[in-house]
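# Sequence and predicted structure are below.
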Amino acid sequence: MESLAGRFILLWGWRRSAVAFVAGALAVLSQAPYDFFAVCFVSFPVLVWLLDGAAAERSAKWLHRLAPAFWTGWWFGFGYFVAGLWWIGGAMLVDAEDFAWALPIAVVFLPAILAVFYGLAAALARAFWSDDVGRIAALAAAFALMEWLRTFVFTGFPWNPIGYAAMPIPLLMQGVAVVGMPGMNALAVFVFAMPALLVGKRTIATGVVLAVLIVAADVSFGYLRLGAPGAQPVRELAVRIVQPAIDQVQKLDMTSRDEIFRSLLTLSSATPAPGKTAPKLIVWPETSVPFLFTERPDALAAIDELLSDGQILLAGNVRGEGQGAEARRYYNSVVAINDRGEIVDAVDKVHLVPGGEYLPLADWLDEIGITRIIAMPNSYSAGSERHPMTVVDGLKAAIFICYEIIFPDEVREGANGADFIVNVTNDAWFGDTPGPYQHFRGAQIRAVESGLPVVRSANNGISAVIDTRGRVVDAFALNVRGTLDATLAIPAHAEPPLGTPARNGLIVMLAMAAAGIILNLVQRLRRA
């Protein structure tokens, strides 16, 4: 083992970069849909050993001394995000004639930007490096910090955080309700990197004991939480989720609008299966209605005929405001329609996708001929605020559209006062790739974090009902067309155990940072 580690430590130049890239790319196998988390016990020790050798001349300035560590971490991150996000390029190929040119932006430029966070994590950890378990703690704290920054810097894109690798099943997800994603990210990196200590002698026992205790605590807590009798639900709600599985090319075809709408009505009017209760709430996916309701009053009349007394429809729809083409603003919205065919409430998407739903620096880019990166029918305006939407019998739903569900802080704030979460999406942009599975994993973990059940309606998978422990009550796979009838158990309240997860996660991250700094100082004093 020491011989192998030594080879990694002594690598330099393009060989070091190549190994870091491969180690990062392999780590993606720990994410959905593969969930092979054991690969991280290889990827992160390799990263540690590469950082052990990422040294510069002592005479170099402080920042210059950290450059080798930054580039090692950057190549690790570049491999991780290229392998984990290549499927985004599929959106460029939906209308390839006009947008194939943008493919490199999705599969190269975006990973290159995200890799900066991992480069900074490596450089920050290397600044407090030591020869023992302290460097593992420093790396864990630095990764946790950068994963947190990924939730809001450059509008945020916390896709596939390292902590997800430690939560492939509900048994292992329960800890996120205690320490949040900052804590899970720190603990995951700490445990995954621990095999790097096998080449040392002084702190291997300490590291192994700590790693075993962390894993044992996580598994035990998950086992007890899943096995304990849950509180009886205060309310139960019969829900119907419609998954129309409309091909994205067809959705962009203006001549198919009426056909798409009729298919939604047909699926929604299906008779419940034997033993199933007639739904009180029907949910359609993101942008499922292929036109503006203001331009098609007959559509609301058709929905009036569809809905029975007391039923409510939540429909993903583009909502327009203003008069005239220049004055009109468009919103990616979910509207609530009652049994009289009336729109009684609407929630607009607040966190838009850069390049997909709006174009940053649009005025400047328009001057040089770049009008849109992804083939969207409209550029959207961001909603001003979120509010829980009252749906049936006073129950309130927190609405999150598409990738809004991957933002822990936004979900926590937006779900405050809600009885359950509704997530609508259109993952048909990405076909049968890892993307929809990774997106769904985020929804599972938000359910555990928030303590609220999730109703998820996707145009083409994965539609599901998820309980407060991240367990799938029922679901549709990709490419399945139909309606999913399920009973949603509404808890009395959403209160994660043992305090506030975000605060507890910060404590974990700071404890890791303190351990790394202290052990670094101890080593410096010994050498002095």
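Good, I have the coordinates.
# Can you give the distance of stretch 104-121 from its chain's centre?
16 Å (Cα atoms, centre = their mean, to the nearest Å).
# Nearest residue to Leu139 in space, ignoring adjacent ones along the chain?
Ala125 (4.2 Å; Cβ to Cβ, 6 or more residues apart in numbering). Where you see a C-beta, it was placed from the backbone N, CA and C, and this is true even at glycine.
# check contacts around the one you found.
51, 69, 135, 138-139, 141-143, 516 (Cβ atoms under 8 Å, 6 or more residues apart in numbering).
# cool, Glu404 as well?
Contacts of Glu404 (Cβ under 8 Å, 6+ apart): 349-351, 410-411, 414, 423.
# go on, Ala18?
Trp75.
# in the stretch 151-300 of the chain, which spans are strands?
Using DSSP state E, counting those that start in this stretch, the strands of the stretch 151-300 of the chain run over residues 235-243, 281-283.
# Adjacent strands (with direction) for the last one?
Sheet pairing for strand 281-283, assigned by DSSP bridges, gives strand 235-243 (parallel), strand 312-321 (parallel).
# still on that earlier bit, just the ones of the contacts of Glu404 in strands?
Members of the contacts of Glu404 lying in strands (criterion: DSSP state E): Asn423.
# For the strands paired with strand 281-283, could you give me JSON lines that also reports mean neighbour count, mean pLDDT and distance to Ala299?
Shown next, in JSON lines, are the strands paired with strand 281-283 (neighbours: other Cβ atoms under 10 Å; pLDDT from 0 to 100; distance: least, Cβ to Cβ, whole Å):
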{"stretch": "strand 235-243", "mean neighbour count": "23", "mean pLDDT": "95", "distance to Ala299": "15"}
{"stretch": "strand 312-321", "mean neighbour count": "22", "mean pLDDT": "94", "distance to Ala299": "10"}
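# Can you lay out those strands as TSV showing distance to Glu385?
Below are these laid out as TSV (distance: least, Cβ to Cβ, whole Å):
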stretch	distance to Glu385
strand 235-243	25
strand 312-321	15
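# Out of the ones you listed, which gets nearest to Phe261?
strand 312-321 (10.3 Å; Cβ to Cβ).
# can you tell me which of the strands of the stretch 151-300 of the chain comes nearest to Pro297?
Comparing these by Cβ to Cβ, strand 281-283 comes nearest, at 20.0 Å.
# Keeping just the C-alphas, turn stretch 207-222 into CSV.
Presented in CSV, the C-alpha positions along stretch 207-222 are these (Å, rounded to 0.1, in the frame of the first residue of the first chain):
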residue,chain,number,x,y,z
GLY,A,207,-8.8,7.4,11.8
VAL,A,208,-10.3,3.9,11.6
VAL,A,209,-12.0,4.3,15.0
LEU,A,210,-13.5,7.7,14.0
ALA,A,211,-14.6,6.4,10.6
VAL,A,212,-16.2,3.3,12.1
LEU,A,213,-18.0,5.4,14.8
ILE,A,214,-19.4,7.8,12.1
VAL,A,215,-20.7,5.0,9.9
ALA,A,216,-22.1,3.1,12.9
ALA,A,217,-23.9,6.2,14.2
ASP,A,218,-25.4,6.9,10.8
VAL,A,219,-26.5,3.3,10.2
SER,A,220,-27.9,2.9,13.7
PHE,A,221,-29.8,6.2,13.6
GLY,A,222,-31.2,5.3,10.3
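# So which bits of it are buried?
Of all the residues in stretch 207-222, those buried under the rule 16 or more other Cβ atoms under 10 Å are 207, 210-211, 214, 218, 221-222.
# Then stretch 119-133?
Those would be 119-130, 132-133, for stretch 119-133 by 16+ other Cβ under 10 Å.
# Asp309: which of those is nearest?
Ala121 (56.0 Å).
# Helices of the stretch 401-528 of the chain, residue ranges please.
408-414, 434-450, 501-527 (DSSP state H, counting those that start in this stretch).
# ugh, typo on my part, it should be the stretch 101-250 of the chain
Counting by DSSP H, counting those that start in this stretch, the helices of the stretch 101-250 of the chain are 103-104, 110-126, 133-149, 170-173, 176-193, 204-227, 248-251.
# If we only consider the contacts of Glu404, which is nearest to Ala528?
Nearest to Ala528 among those, with distances taken as Cβ to Cβ, is Glu410, at 47.3 Å.
# what's the neighbour count on that closest one?
19 (other Cβ atoms under 10 Å).
# Would you enumerate the residues in contact with it?
Contacts of Glu410 (Cβ under 8 Å, 6+ apart): 350-351, 400, 404.
# so what pLDDT did the closest residue in space to Arg235 that isn't next to it in sequence get?
Using Cβ to Cβ, 6+ apart and skipping the chain neighbours, the partner closest in space to Arg235 is Ile490 (4.1 Å). On the pLDDT scale, Ile490 is placed at 91.
# surely Ile490 meets Pro453?
Yes: using Cβ atoms under 8 Å, Ile490 makes contact with Pro453 at a distance of 7.1 Å.
# who has more neighbours, those two?
Applying other Cβ under 10 Å to Ile490 and Pro453 shows that Pro453 carries more neighbours, namely 24 against 16.
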